[in-house]
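# Based on what follows, work out the 3D shape:
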Amino acid sequence: MAGRKGTTFWKSDFELEAANSKLPPIAGFRREAMFMERSAAGLQAHEFVLSNLSPSVAQRRFALGVVLVLLGVFVIVAGPLSDLPLRRVDAFIPAYGTAIFVIDSITAALLFAQFSVLRSHALLALANGYSLTALIAIPWTLTFPGVLAPEGGLGGGLQSTVWLYVLSHVGFAVFAIVYTLLKDADPMEWLSPRSIRARVLTAVGLVTALVCCATVFVTAGHALLPRIMLNTAEVSYLWYYAIGPMAALFVVALVLLWLRHRSVLDLWLMLVLFAYIIEIALTAFPIPYRFSVGWYAGRVYGVLSGSLVLLILMKEVTMLYGELLRAVLAQRREREVRLLTGDAVAATVAHEIKQPLSAMTMNASTSLHWLDRATPNIDEAKAALQRIVNNGHRAGEVIENIRTLFKSDARTRTSLDVNNLIREALALVRDDLQTHRVAVQTDYNQSLPPIEGNEVQLQQVLVNLITNAIDSMATEDGDRVLSLRSKVYDSGSLMVSVEDVGKGVEPSAIDLIFKPQFTTKVHGMGMGLSICRSIIEAHGGRLWVTANLPRGAIFHFTLPAHREY
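Numbering: from 1, shown residues only. Next up is the predicted model:
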């Protein structure tokens, strides 16, 4: 690596800090507050609910996997396991009926809740479908032969249970078709919350009345129903005439939903309809007989079909809860940031204005000193006055950049030589270096690639780090040496190091010194290093500190090389 080392003495004229043309910590607070506002305001129903959220590629692939599994199980059950003898399990029927009631009831409640938010006709129809299957599960279980009575409870007969099964499936298929047809209907935005509750209660009441009427019809009039069941286990050929139209309805619902599906809810509802079709097929093939492998598998498919949408809705509720929690925390943090921003603005402005004002005061005193001599030195006085003018312009730039802080236009960036930036920064602090008798050692890599950045901002970083190093060594005895190095960091960036032999940084303060308003100086404001880190990170780099053994600290920062280099 080609390099050049040197030792020199410099003197500061307090021109360093006003070079910064941006106040990144305040900009960071402002950007953070804006993000929090978007987070809090962005929690809108239409962006997260399953009925509007588009399915991802992963969700589509997972759904395809579920379809393949359902088909695989159907082939196994209808093939190798079809002749497996099974016996009746009395506890299975109540357990199955209870599972269907609980699962579909919860699903219906969640869909009603979504309807109350989105006021969608389609969601109301689908919620009614799940309410229907949940409520019919009660009389289906109670009328099943052998549960309450040998041929069925509630005063029913052999035909009551099977016809409740048919009505439940036909009703759900019809509601699924209605859901599909109403997907593009305008939501009922004009309804008040009280009207929404009234509609939900009315829907639940109508479905309950429908289930009660159906139950009375199939129990009191069971003798009038077509004889699908020959006994408590065997079915007649009429079963095929019943399941044919029933399966056709599900196929129609599935095709319509396939043609009009756009959301995650649509995707999983198609899986539900597909599972229902396989369940119906298992009740007829290969053996149309209760308590066969196919019959038990069909009941499992029934529970699965009811669980799919429930699981996805529960996942959505969890997601919405997480979003709500993040929004609440963001709002709370936003309030804290707003309180902090006022203090930070005042501290940062004072920090930035102090340097040019101090330099102007010092140069004014120097000018008076040259003019008060017996033989006034006009040239030196003019030079001091010119420095006052320059610092006045820099103070004006600071004020102007505070104004531009709240504008969206980007700062100008150009191709820069890091070694030149280091030389210019040293020139700015030469008075301070000589005042505190600090020796400077430089080690430049002359083959460094150029960088792209804002010259004033990067000078501000270097001057701030050098000034901190001088302050750290000002109270130390012995040699005071400031070392600056530049080198290639990796294939796409370079690194600059500012090394001192001062009092160093306490290990407990290493993670805190870059935070706004944290300082280890008696009269410090705690904004300098925070500003430096913000500038470096805005340029795509990183700033950190390490110990310089046996004493002192080394501040390193990296910057990416120019992209066109």
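
# any low-confidence regions in the stretch 1-150 of the chain?
1-52, 82-83, 85 (pLDDT under 70).

# Could you pull out the helices in it for me?
Secondary structure of the stretch 1-150 of the chain (DSSP state H, counting those that start in this stretch): helices at 24-41, 45-48, 57-78, 92-118, 121-143.

# Can you lay out the ones you listed as TSV showing mean neighbour count and distance to L167?
C-beta here means a position set from N, CA and C on the backbone, and glycine is covered the same way. Formatted as TSV, the helices of the stretch 1-150 of the chain follow (neighbours: other CB atoms under 10 Å; distance: least, CB to CB, whole Å):
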stretch	mean neighbour count	distance to L167
helix 24-41	17	46
helix 45-48	12	34
helix 57-78	14	24
helix 92-118	19	14
helix 121-143	24	7
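
# Helix or strand: which one has E279?
helix 264-284 (DSSP states H and E).

# Keeping just the C-alphas, turn that helix into PDB.
Only the C-alpha atoms of helix 264-284 are listed here, as PDB (Å, rounded to 0.1, in the frame of the first residue of the first chain):
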ATOM      1  CA  VAL A 264     -56.500 -14.900   0.700                       C
ATOM      2  CA  LEU A 265     -60.000 -15.600   2.000                       C
ATOM      3  CA  ASP A 266     -61.000 -16.700  -1.500                       C
ATOM      4  CA  LEU A 267     -58.000 -19.000  -1.800                       C
ATOM      5  CA  TRP A 268     -58.700 -20.800   1.500                       C
ATOM      6  CA  LEU A 269     -62.500 -20.900   0.800                       C
ATOM      7  CA  MET A 270     -61.700 -22.800  -2.400                       C
ATOM      8  CA  LEU A 271     -59.800 -25.300  -0.300                       C
ATOM      9  CA  VAL A 272     -62.800 -25.700   1.900                       C
ATOM     10  CA  LEU A 273     -65.100 -26.300  -1.000                       C
ATOM     11  CA  PHE A 274     -62.600 -28.800  -2.400                       C
ATOM     12  CA  ALA A 275     -62.500 -30.600   0.900                       C
ATOM     13  CA  TYR A 276     -66.300 -30.700   1.000                       C
ATOM     14  CA  ILE A 277     -66.300 -32.300  -2.500                       C
ATOM     15  CA  ILE A 278     -63.900 -35.000  -1.400                       C
ATOM     16  CA  GLU A 279     -65.900 -35.600   1.800                       C
ATOM     17  CA  ILE A 280     -69.100 -36.100  -0.200                       C
ATOM     18  CA  ALA A 281     -67.200 -38.500  -2.500                       C
ATOM     19  CA  LEU A 282     -66.000 -40.500   0.400                       C
ATOM     20  CA  THR A 283     -69.600 -41.100   1.600                       C
ATOM     21  CA  ALA A 284     -70.400 -42.900  -1.600                       C
END
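
# To L543, which of the helices of the stretch 1-150 of the chain lies closest?
helix 24-41 (11.6 Å; CB to CB).

# Which secondary structure element of this structure has the lowest mean pLDDT?
helix 24-41 (a mean of 43; mean pLDDT, DSSP states H and E).

# Can you check which of the helices of the stretch 1-150 of the chain gets nearest to Q434?
Per CB to CB, nearest to Q434 of the helices of the stretch 1-150 of the chain: helix 24-41, 30.8 Å.

# Now do I510: how many residues are near it, please.
Neighbourhood size, I510 [other CB atoms under 10 Å]: 14.

# Go ahead and confirm it touches V545.
Yes: between I510 and V545 there is a contact under CB atoms under 8 Å: 6.1 Å.

# Quick one: residues contacting the closest residue to A203 other than its chain neighbours.
Nearest residue to A203, sequence neighbours excluded (CB to CB, 6 or more residues apart in numbering): N128, at 5.4 Å. Listed by CB atoms under 8 Å, 6 or more residues apart in numbering, the contact set of N128 reads A108, F175, A203, L206, V207.

# now N128: how far from E279?
N128 sits 21 Å away from E279, taking CB to CB, to the nearest Å as the criterion.

# what's the answer for G152, then?
Distance from G152 to E279, by CB to CB: 22 Å.

# same question, T208
T208 is 25 Å from E279, by CB to CB.

# the more surrounded of those two?
E279 (25 against 13).

# ok, and the closest non-adjacent residue to that one?
Nearest to E279 is Y301, by CB to CB, 6+ apart, at 3.9 Å.

# Over to G153?
That would be L142: by CB to CB, 6+ apart, it lies 4.7 Å from G153.

# Distance of that neighbour relative to E234?
22 Å.

# now L426
From L426 to E234 the distance is 100 Å (CB to CB).

# So which of those two has more stuff around it?
Taking neighbours as other CB under 10 Å, L426 and E234 compare with L426 leading, 19 against 11.

# And what about E537, helix, strand or coil?
Here E537 takes the helix state, with states given by DSSP: H, G, I helix; E, B strand; the rest coil.

# Contact partners for the nearest residue to it once chain neighbours are set aside?
The shortest distance from E537 to any non-neighbouring residue, by CB to CB, 6+ apart, is to L543 (7.4 Å). Contact analysis of L543 by CB under 8 Å, 6+ apart lists V461, F514, L529, C532, R533, I536, E537, F555, H556, F557.

# I figured the second one hits S534, correct?
No: the pair F514 / S534 is not scored as a contact, 9.0 Å apart, by CB under 8 Å.
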